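Engineer: please find the sequence and the predicted model below.
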Amino acid sequence: MKIVRVGFDVPLDTLFDYRCDAAVPGDIGARVLAPFGKRNVVGVILEITDSSAVALPRLKAITRILREAPGFSPDDIKLIRFAAEYYQHPLGAVTMSALPAGLRRVRKQTAKSLTHFALTTLGATRTPDSLPQRALTKRRLLALFQAHEVLDEAAVIACAPSAKTALKQLLGDGYVALREGALKANRVDAADALADSAVTQIVGPQLTTDQTAAVAKLCANLSVFVPHLLLGVTGSGKTEVYLRAIETILKKGRQALLLVPEISLTPQLEATVRGRFPDTQIVSLHSGLNEGERLNHWIAAQSGTARIVLGTRLAVFAPLPELGLIIVDEEHDSSFKQSEGFRYSARDLAVVRARQRGVPIVLGSATPALETWHNAASNRYTLMQLPKRINNTPPRIHCVPTRDVRLQDGLAPALIAAIARRLAAKEQVLIFINRRGYAPALLCHDCGWLSNCHRCSAKLVLHLRDRRLHCHHCGYETPAPQACPDCGNADLSPVGQGTQRVEAALAAHFPQARVLRIDRDSTRNKGTWSGMRTRIEAREVDILVGTQILAKGHDFPNLSLVGVLNADSLLYSTDFRAPERLYALLTQVAGRAGRGSVQGDVLIQTDFPDHPLYAALRDQSFAHFADELLKERRSAGFPPFQYQALLRAEAPKLDTAIQWLKRAAAMGQDIDGAVTIYDPVPAGMMRLAGRERAQLLVQSASRNRLQKFLAAWRIALTEKRASAARWSIDVDPLEL
Ligand code: ADP
Ligand code: ZN
Ligand code: ZN
């Protein structure tokens, strides 16, 4: 009797046993439809055995193995298993979350992948070259069929925008025929032939000496696992290094995976990659795609038709049978870490994946995470450096002291004067407002009343557009009061500077200037941001006011001055990672200045102009700054010298969560006394959406030891039935 063990998308650690005599060893990773509770549910076969702890008569049978659409390869399963174990998350849930939604259930829409087309004997005799020169797509499609024999409709469509027409022609010519019925798992190993013919690339610029050295180092050995750190100042041409490495890997007939943060905001990068490899199948994977697109792109990656996958963190699980290179751009970006549910780090998993597959990986950044920097400094990663900007000098960075200065609407006179000069020279100005650790709450200057959210320990943020107060954490909103609810004072005003307030102030100071505000509110609609970018490039904007989203890799050649407000709020934060983040953020923002031919300037308003962080930034000496921070981390016993995990708990009342964590801590002491378990504390965001949250930090100098501890602890906590609190484990937490 054959028994398959299936993982489902349920928050339980177990796999579920079913009878399935049809299963063959190759079905590990296959999707199945199986009775679960009262319904039929899609799951994935993770093991095949011949015995079960469940009594045989009670074992249900699998309804059907879903062979018509692809599942996971053994390589994929290996990564998924690692992720589930390392991040202490149920294997079934991790497996299912790695599938695109379209494959997580059985629906009519997957019919596309059910229709298959096969190469005919006639088609096998025609060489693609014998087709008309101009029929590019048709030639490619025929080559594709000759490499794979059978393709489903999704794979055809993924080949090129006009592939449907080409398919019709091939059907008409009798080179290809519709094929009824199910298809065996269609994995590609003959993709090399196709890749060879398809890699034509537009020649890039002549590399600089530094770029040449980096590319040489990277391409020296492409067939083994080597982790690289590419440390390059902004504008140093890191992308060009990626493109050359991708080109080499494509020529070897392999696939490349390029992970980036928040891709929806950087269509420039996608356009660059597509422009460089016009004949190569490139797909993107990110949360901005609709379900159908995501499914098609996933299948294209899985079948090997897509040779480059460009995606955000979720793409780290993209199935890539011919994977040859992984690149993680802006590797320090916190969006690589999922912040709820299955809390994985895509950057760290990318390194694991590269090691499992024996392929090189490049982590690129101007300001690498200290964990990464430490790996390079201790020679676990090879270091490649691009210390110079390509075309021009780096921006000059100055501090504008604000302590004994009369600010005008939050702007220092020196900054206002600098803006005036740049505007007079017809150059563009960016005013960056650091939103981290800050939001414009409403304050009563008479009695000190502050607009708090009654459901969270957050302040309600004033939005001037609708004069409403919004909670950015739980979504609560209410009209802004006309007068103070406590004392009746009618003169309520916002604390500090929000983007809208600065926008108003700038408009008042520079009535001729065209001011554009760019933040989460003004870019909510999908198309708005690209429209704004076009306006900025066409110089229809003089002053940009914005938040974090403006810090990311946009290139505005006419922008020569960056003013930074509110940087100090991160300087003395309780989070030990705050200085690292502030440095990275300011480096990125500063990188926006002077991308064209004009010398750029960055003015940082601060009460602490002599702070060493600002000094390091002025010297643009990341290595020095990072080494100093590492010394502090070492003596304080923080990562990367210690490994951490958080046990998070939430309950209607804080005390319930704290008491539960205290019992959990006691259980932990019995498991391994050498793992440090701290006292439970209220979480940074203590109240969220009406529930109260607390957390417990555990720490060890040995990653292995911490892992063993967490596994045992989680089992013990799970067995403790009817828990009073909802809890979860966050491994390598970024926010404490
Ligand atoms: P980074 O990603 O390191 O911030 P980019 O990759 O955006 O830098 O490169 C900055 C600019 O320099 C881009 O416009 C890019 O096209 C250009 N560039 C890169 N390498 C070269 C080169 N070797 N010669 C000329 N221009 C280059
Ligand atoms: Zn008041
Ligand atoms: Zn709230």
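Structural biologist: That came in fine, so what should we check first? Ligands and ions are numbered 1, 2, ... in the order given.
Engineer: which parts of the chain sit against ligand 2?
Structural biologist: Listed as neighbours of ligand 2 in the chain under the rule CB under 5 Å from the ion: C444, D446, C447, W449, C484, D486, C487, N489. Where C-beta positions appear, they are placed from N, C-alpha and C, glycine not excepted.
Engineer: want to throw those residues into CSV with distance to ligand 3?
Structural biologist: Converted to CSV, the residues of the chain next to ligand 2 look like this (distance: CB to the ion, whole Å):
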residue, distance to ligand 3
C444, 20
D446, 25
C447, 22
W449, 17
C484, 20
D486, 20
C487, 24
N489, 24
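Engineer: nearest to V226 among these?
Structural biologist: Within those, distances to V226 taken as CB to CB reach their minimum at W449, with 58.7 Å.
Engineer: for A458, see how far away the closest one is.
Structural biologist: The spacing between W449 and A458, counted by CB to CB, to the nearest Å, is 16 Å.
Engineer: isn't G253 up against E322?
Structural biologist: Yes: between G253 and E322 there is a contact under CB atoms under 8 Å: 6.7 Å.
Engineer: shouldn't L411 be in contact with H509?
Structural biologist: Yes: with contact defined as CB under 8 Å, L411 reaches H509; the gap is 7.3 Å.
Engineer: name the residue of the stretch 1-150 of the chain that lies nearest to ligand 2.
Structural biologist: Nearest to ligand 2 in the stretch 1-150 of the chain, going by CB to the ion, is P11, at a distance of 45.6 Å.
Engineer: can you tell me the SS state at that residue?
Structural biologist: Under DSSP: H, G, I helix; E, B strand; the rest coil, P11 falls in the coil class.
Engineer: next, the contact list for the residue of the stretch 251-400 of the chain found nearest ligand 2, please.
Structural biologist: Going by CB to the ion, ligand 2 is nearest to V400 of the stretch 251-400 of the chain, at 32.8 Å. For V400, the contacting residues are A412, A414, L415, L603, I604, Q605, T606, P609, by CB atoms under 8 Å, 6 or more residues apart in numbering.
Engineer: among those residues, name the buried ones.
Structural biologist: Among those, those classed as buried by 16 or more other CB atoms under 10 Å are A412, A414, L415, L603, I604, Q605, T606.
Engineer: JSON lines for the residues you listed, including distance to I729?
Structural biologist: Formatted as JSON lines, the buried ones among the contacts of V400 follow (distance: CB to CB, whole Å):
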{"residue": "A412", "distance to I729": "46"}
{"residue": "A414", "distance to I729": "49"}
{"residue": "L415", "distance to I729": "45"}
{"residue": "L603", "distance to I729": "43"}
{"residue": "I604", "distance to I729": "38"}
{"residue": "Q605", "distance to I729": "40"}
{"residue": "T606", "distance to I729": "38"}
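Engineer: among those residues, which are located in helices?
Structural biologist: A414, L415 (DSSP state H).
Engineer: which one of the buried ones among the contacts of V400 is nearest to ligand 1?
Structural biologist: For the buried ones among the contacts of V400, the residue nearest ligand 1 by CB to the nearest ligand atom is I604; the value is 20.2 Å.
Engineer: nearest residue to that closest one other than its sequence neighbours?
Structural biologist: Using CB to CB, 6 or more residues apart in numbering and skipping the chain neighbours, the partner closest in space to I604 is V564 (4.4 Å).
Engineer: check that neighbour and give its pLDDT.
Structural biologist: pLDDT, V564: 93.
Engineer: surely it and F432 touch.
Structural biologist: Yes: under the criterion of CB under 8 Å, V564 makes contact with F432 at 5.0 Å.
Engineer: so what sits against both of those two?
Structural biologist: By CB under 8 Å, 6+ apart, V564 and F432 have these common neighbours: V589.
Engineer: the more surrounded of the two?
Structural biologist: F432 (28 against 24; other CB atoms under 10 Å).
Engineer: that one is in what secondary structure piece?
Structural biologist: strand 428-433 (DSSP states H and E).
Engineer: again with D75
Structural biologist: Here D75, judged by DSSP H and E, is contained in helix 74-86.
Engineer: what residues does that helix touch?
Structural biologist: Helix 74-86 has contacts (CB under 8 Å, 6+ apart) with 28-29, 46, 72, 89-91, 93-95, 98, 317, 319, 321, 342, 344, 349, 352-353, 356-357, 707, 711, 731.
Engineer: next, the contact list for I308, please.
Structural biologist: I246, L250, Q255, A256, L257, L258, V273, F277, T280, Q281, I282, V283.
Engineer: list the buried ones in the helix or strand containing the first one?
Structural biologist: I246 is located in helix 238-251, with elements delineated by DSSP H and E. Residues of helix 238-251 classed as buried: 238-250 (neighbour count, 16+ other CB under 10 Å).
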